[in-house]
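1. Next input, structure requested:
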Amino acid sequence: MRILLVMLLIALLSLLGGCMMPNQEEQARANEAKLVKEGYVHPEPGDSAPPIRSVDQDGNAFALEQALERGPVLLYFYPANYTPNTTSHLRQLSKVRREIEEAGLGIGVYALNQADATETKAYLQSEELSLPVLYDPDLTISELYGCASSSGETLMQERSVVGINPDGSIAFFDRRFFHKPLSLKRLQDKDHFNMVQEQ
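-> As a prediction, this is how the structure comes out:
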């Protein structure tokens with residue numbers, strides 16, 4: 001009898017816990033509406049991607065139009081080095097980048113933030129991360145992509161992932177993309193780069 005009561009109690013607590021869990025899609029919509037009011041307006045899928053010219057942590061020049069000649073481009077915008085979330089996300093991104101290279105898919109993977117090259121290089125080395133991080137000192141690029149806004153008192157950056165098709169159009173835009181783990185399979189699906197091969 002006690003075992004039955006304990007099992008019933010566990011089932012009831014699980015049911016209540018599920019009812020109290022926030023719906024991530026509803027949260028994302030509410031967050032996006034709030035950000036749009038604050039000036040974080042991002043390009044939509046199908047829009048032309050704003051141009052990017054920058055350098056990475058090693059001083060290598062980057063131009064979006066040249067990168068797109070090699071294939072789609074994935075951009076990860078993040079606010080700061082040396083944070084647990086950033087480290088976790090960049091590890092995940094580095095893993096996906098390796099998988100992309102092994103599969104020969106030609107998707108260019110880049111991160112962007114406003115830290116200078118010396119800090120970013122030291123951070124990447126300390127965490128043993130291999131990934132080009134583009135320098136966006138005044139968040140101009142981030143603002144063009146709706147990942148930063150100067151309409152408020154403080155210029156802040158929102159973690160976001162943007163996919164750009166080889167034709168220069170936005171393929172997808174995801175805020176806080178890493179609530180759902182980034183994977184090669186996911187990048188290939190119809191909501192991202194639509195690269196699923198027919199069997």
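
2. Next SSE downstream of the least confident helix or strand in the chain by mean pLDDT?
-> Every helix and strand of the chain was ranked by mean pLDDT, DSSP states H and E. The lowest is helix 24-37, at a mean of 56. Downstream of helix 24-37, the next assigned helix or strand under DSSP states H and E is strand 53-55.

3. elements contacting that following strand?
-> Judged by 3 or more Cβ pairs under 8 Å, 6 or more residues apart in numbering; DSSP states H and E, strand 53-55 is in contact with strand 61-63, strand 133-135. (C-beta placed from N, C-alpha, C; glycine too.)

4. Return the most buried member of those strands.
-> The highest mean neighbour count among those, using mean count of other Cβ atoms under 10 Å, belongs to strand 133-135: a mean of 22.

5. For the most centrally placed residue in the chain, give me the backbone phi and psi.
-> In the chain, the C-alpha nearest the mean C-alpha coordinate belongs to residue 161, at 2.6 Å (Cα atoms, centre = their mean). Phi and psi for residue 161, reported as degrees, to the nearest 10, are phi -120, psi 130.

6. For it, give me its contacts.
-> Residues near residue 161 by Cβ atoms under 8 Å, 6 or more residues apart in numbering: 74-77, 172-174, 177-178, 182.

7. same thing with residue 119?
-> residue 81.

8. how close does it sit to residue 75?
-> 20 Å (Cβ to Cβ, to the nearest Å).

9. Residue 121 too?
-> For residue 121, the distance to residue 75 - Cβ to Cβ - is 19 Å.

10. cool, residue 131 as well?
-> Distance, residue 131 to residue 75, using Cβ to Cβ: 12 Å.

11. what touches both of the two?
-> When Cβ under 8 Å, 6+ apart defines a contact, the residues bordering residue 131 and residue 75 alike are 110-111.

12. Those two: who's more crowded?
-> residue 75 (24 against 19; other Cβ atoms under 10 Å).

13. Spell out the secondary structure type for the more buried one.
-> Here residue 75 is strand, with the state taken from DSSP: H, G, I helix; E, B strand; the rest coil.

14. Mind listing the residues bridging to it?
-> Counting by DSSP bridges, residue 75 forms beta bridges with residue 110, residue 162.

15. how many neighbours does the closest residue to residue 85 other than its chain neighbours have?
-> Distances taken as Cβ to Cβ, 6 or more residues apart in numbering put residue 159 closest to residue 85, at 7.3 Å, once the chain neighbours are dropped. Neighbours of residue 159 under the rule other Cβ under 10 Å: 17.

16. I'd say residue 159 and residue 75 touch.
-> No: using Cβ atoms under 8 Å, residue 159 makes no contact with residue 75, being 11.6 Å away.

17. Helices of this structure, start to end?
-> 2-20, 24-37, 64-68, 84-103, 117-126, 140-144, 184-188 (DSSP state H).
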